[in-house]
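Chemist: please find the sequence and the predicted model below.
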Amino acid sequence: MNETSHQKEKTFIMIKPDGIKRKLVGEIIQRLEKKGFQMLALKMLQANRKILVEHYTELKAKFFFEELIDFMLSGPVIAMIWQGENIINTARQMLGATNPAEAAPGTIRGDFYLGPQQKINENICHASDSLESAKKETALWFPKKNYTW
Ligand code: TYD
(Lines give C-alpha, C1' and ligand atoms only; values in the text may rest on other atoms or scores of the structure.)
Protein backbone atom coordinates (compact mmCIF):
# COMPACT_ATOMS: atom_id res chain seq x y z
CA MET A 1 0.00 0.00 0.00
CA ASN A 2 1.54 3.37 -0.92
CA GLU A 3 1.43 6.51 1.21
CA THR A 4 -1.53 8.06 -0.61
CA SER A 5 -3.77 4.99 -0.51
CA HIS A 6 -2.93 4.54 3.19
CA GLN A 7 -4.05 8.10 3.93
CA LYS A 8 -7.22 7.48 1.97
CA GLU A 9 -7.98 4.21 3.73
CA LYS A 10 -11.72 3.71 4.14
CA THR A 11 -13.68 1.81 6.72
CA PHE A 12 -17.27 0.99 7.55
CA ILE A 13 -18.56 2.22 10.90
CA MET A 14 -22.07 1.54 12.19
CA ILE A 15 -23.77 2.98 15.24
CA LYS A 16 -25.87 0.17 16.67
CA PRO A 17 -29.47 0.53 17.94
CA ASP A 18 -28.29 1.04 21.54
CA GLY A 19 -25.92 3.85 20.50
CA ILE A 20 -28.83 5.67 18.87
CA LYS A 21 -31.24 5.04 21.79
CA ARG A 22 -28.60 6.29 24.23
CA LYS A 23 -28.04 9.48 22.15
CA LEU A 24 -24.37 8.74 21.53
CA VAL A 25 -24.49 9.53 17.80
CA GLY A 26 -22.99 13.02 18.12
CA GLU A 27 -20.33 11.84 20.55
CA ILE A 28 -19.16 9.08 18.22
CA ILE A 29 -19.07 11.31 15.16
CA GLN A 30 -17.25 14.02 17.11
CA ARG A 31 -14.59 11.60 18.31
CA LEU A 32 -13.93 10.42 14.75
CA GLU A 33 -13.78 13.98 13.42
CA LYS A 34 -11.49 15.10 16.26
CA LYS A 35 -9.14 12.29 15.32
CA GLY A 36 -8.95 13.89 11.88
CA PHE A 37 -11.07 11.41 9.98
CA GLN A 38 -13.40 12.39 7.17
CA MET A 39 -16.98 11.20 6.88
CA LEU A 40 -17.79 10.09 3.33
CA ALA A 41 -21.29 8.69 3.72
CA LEU A 42 -24.00 8.36 6.35
CA LYS A 43 -27.47 6.88 6.39
CA MET A 44 -29.90 5.91 9.10
CA LEU A 45 -31.93 2.81 8.36
CA GLN A 46 -33.85 -0.05 9.84
CA ALA A 47 -31.73 -3.03 8.82
CA ASN A 48 -33.38 -6.27 7.76
CA ARG A 49 -32.40 -9.79 8.69
CA LYS A 50 -30.88 -10.52 5.27
CA ILE A 51 -28.31 -7.70 5.38
CA LEU A 52 -27.43 -8.45 9.01
CA VAL A 53 -26.90 -12.17 8.36
CA GLU A 54 -24.61 -11.21 5.48
CA HIS A 55 -22.81 -8.62 7.60
CA TYR A 56 -22.21 -11.08 10.45
CA THR A 57 -21.91 -14.19 8.26
CA GLU A 58 -18.61 -15.26 9.86
CA LEU A 59 -20.37 -15.52 13.22
CA LYS A 60 -23.24 -17.70 11.99
CA ALA A 61 -22.17 -20.72 14.02
CA LYS A 62 -21.71 -18.79 17.29
CA PHE A 63 -24.12 -19.35 20.15
CA PHE A 64 -24.84 -15.62 20.38
CA PHE A 65 -25.66 -15.17 16.68
CA GLU A 66 -29.50 -15.13 16.87
CA GLU A 67 -29.51 -12.81 19.86
CA LEU A 68 -27.08 -10.51 18.04
CA ILE A 69 -29.33 -10.37 14.96
CA ASP A 70 -32.43 -9.72 17.10
CA PHE A 71 -30.64 -6.90 18.90
CA MET A 72 -29.49 -5.36 15.62
CA LEU A 73 -33.13 -5.48 14.44
CA SER A 74 -34.38 -3.79 17.61
CA GLY A 75 -34.11 -0.27 16.17
CA PRO A 76 -32.48 1.72 13.39
CA VAL A 77 -28.74 1.81 12.84
CA ILE A 78 -26.51 4.51 11.37
CA ALA A 79 -24.26 3.17 8.61
CA MET A 80 -21.25 5.28 7.70
CA ILE A 81 -18.14 5.27 5.58
CA TRP A 82 -15.13 7.11 6.99
CA GLN A 83 -11.73 7.82 5.53
CA GLY A 84 -8.31 8.60 6.97
CA GLU A 85 -4.80 7.47 7.67
CA ASN A 86 -4.73 3.98 9.20
CA ILE A 87 -8.42 4.36 9.99
CA ILE A 88 -9.26 0.65 10.12
CA ASN A 89 -6.93 -0.04 13.05
CA THR A 90 -7.45 3.31 14.72
CA ALA A 91 -11.25 3.12 14.65
CA ARG A 92 -11.08 -0.33 16.26
CA GLN A 93 -8.84 1.10 18.99
CA MET A 94 -11.25 3.98 19.49
CA LEU A 95 -14.14 1.52 19.97
CA GLY A 96 -12.31 -0.64 22.52
CA ALA A 97 -12.76 -4.30 23.34
CA THR A 98 -15.81 -6.18 22.04
CA ASN A 99 -17.00 -6.82 25.59
CA PRO A 100 -17.81 -3.35 26.97
CA ALA A 101 -17.01 -4.53 30.49
CA GLU A 102 -13.43 -5.06 29.33
CA ALA A 103 -13.12 -1.98 27.13
CA ALA A 104 -10.36 0.40 28.22
CA PRO A 105 -11.03 3.88 29.61
CA GLY A 106 -10.87 6.44 26.82
CA THR A 107 -12.55 4.10 24.34
CA ILE A 108 -16.16 4.52 23.24
CA ARG A 109 -17.24 1.17 24.67
CA GLY A 110 -15.19 1.76 27.84
CA ASP A 111 -16.35 5.30 28.54
CA PHE A 112 -20.03 4.51 28.04
CA TYR A 113 -20.14 1.18 29.86
CA LEU A 114 -23.23 1.09 32.06
CA GLY A 115 -22.36 -1.86 34.27
CA PRO A 116 -23.28 -5.55 34.36
CA GLN A 117 -26.81 -4.89 33.08
CA GLN A 118 -25.30 -4.01 29.68
CA LYS A 119 -25.16 -7.07 27.42
CA ILE A 120 -22.08 -7.77 25.29
CA ASN A 121 -24.02 -7.26 22.08
CA GLU A 122 -25.09 -3.80 23.27
CA ASN A 123 -21.64 -2.42 22.54
CA ILE A 124 -22.72 0.81 20.83
CA CYS A 125 -20.74 0.80 17.61
CA HIS A 126 -19.21 -1.43 14.95
CA ALA A 127 -16.08 -0.85 12.88
CA SER A 128 -14.59 -3.16 10.24
CA ASP A 129 -11.72 -5.27 11.51
CA SER A 130 -9.62 -5.54 8.32
CA LEU A 131 -9.24 -4.09 4.85
CA GLU A 132 -11.10 -7.10 3.47
CA SER A 133 -14.09 -6.62 5.81
CA ALA A 134 -14.06 -2.86 5.21
CA LYS A 135 -14.45 -3.47 1.47
CA LYS A 136 -17.09 -6.14 1.92
CA GLU A 137 -19.13 -4.15 4.46
CA THR A 138 -18.90 -0.88 2.52
CA ALA A 139 -20.21 -2.61 -0.61
CA LEU A 140 -22.94 -4.38 1.38
CA TRP A 141 -24.33 -1.27 3.10
CA PHE A 142 -23.62 1.23 0.31
CA PRO A 143 -24.16 -0.78 -2.88
CA LYS A 144 -24.72 2.33 -5.01
CA LYS A 145 -21.12 3.49 -4.42
CA ASN A 146 -22.39 7.10 -4.22
CA TYR A 147 -19.74 8.27 -1.77
CA THR A 148 -16.79 9.23 -3.94
CA TRP A 149 -16.79 12.98 -3.42
P1 TYD B 1 -17.04 -9.61 16.87
O2 TYD B 1 -16.96 -9.41 15.39
O3 TYD B 1 -16.27 -10.73 17.49
O4 TYD B 1 -16.62 -8.28 17.67
P5 TYD B 1 -16.46 -6.76 17.20
O6 TYD B 1 -17.84 -6.18 17.07
O7 TYD B 1 -15.70 -6.10 18.32
O8 TYD B 1 -15.73 -6.79 15.91
O9 TYD B 1 -18.57 -9.82 17.28
C10 TYD B 1 -19.59 -9.12 16.63
C11 TYD B 1 -20.63 -8.74 17.65
O12 TYD B 1 -21.19 -9.90 18.24
C13 TYD B 1 -20.07 -7.95 18.82
O14 TYD B 1 -19.92 -6.58 18.54
C15 TYD B 1 -21.08 -8.22 19.88
C16 TYD B 1 -21.57 -9.61 19.58
N17 TYD B 1 -20.99 -10.61 20.49
C18 TYD B 1 -21.78 -11.16 21.48
O19 TYD B 1 -22.96 -10.80 21.61
N20 TYD B 1 -21.24 -12.08 22.34
C21 TYD B 1 -19.95 -12.48 22.26
O22 TYD B 1 -19.49 -13.33 23.06
C23 TYD B 1 -19.13 -11.90 21.22
C24 TYD B 1 -17.68 -12.30 21.08
C25 TYD B 1 -19.69 -10.98 20.36
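Modeler: That came through, no problem.

Chemist: which pLDDT value goes with the residue with the shortest distance to the centre of the chain?
Modeler: The chain has residue 126 as the residue nearest its centroid, 2.2 Å off, counting by C-alpha atoms, centre = their mean. For residue 126, the model assigns a pLDDT of 99.

Chemist: got a list of what it touches?
Modeler: Residues counted as contacts of residue 126 (C-beta atoms under 8 Å, 6 or more residues apart in numbering) are 12-14, 16, 95. For the C-beta atoms, the positions are set from N, CA and C on the backbone; glycine is no exception.

Chemist: which positions in this protein make contact with the ligand?
Modeler: 59, 64, 68, 98, 120-121, 123, 126, 129 (C-beta under 6 Å from any ligand atom).

Chemist: for those, pick the one with the most neighbours.
Modeler: Neighbour count (other C-beta atoms under 10 Å) singles out residue 123 as the most crowded of the residues of the chain next to the ligand, with 24 neighbours.
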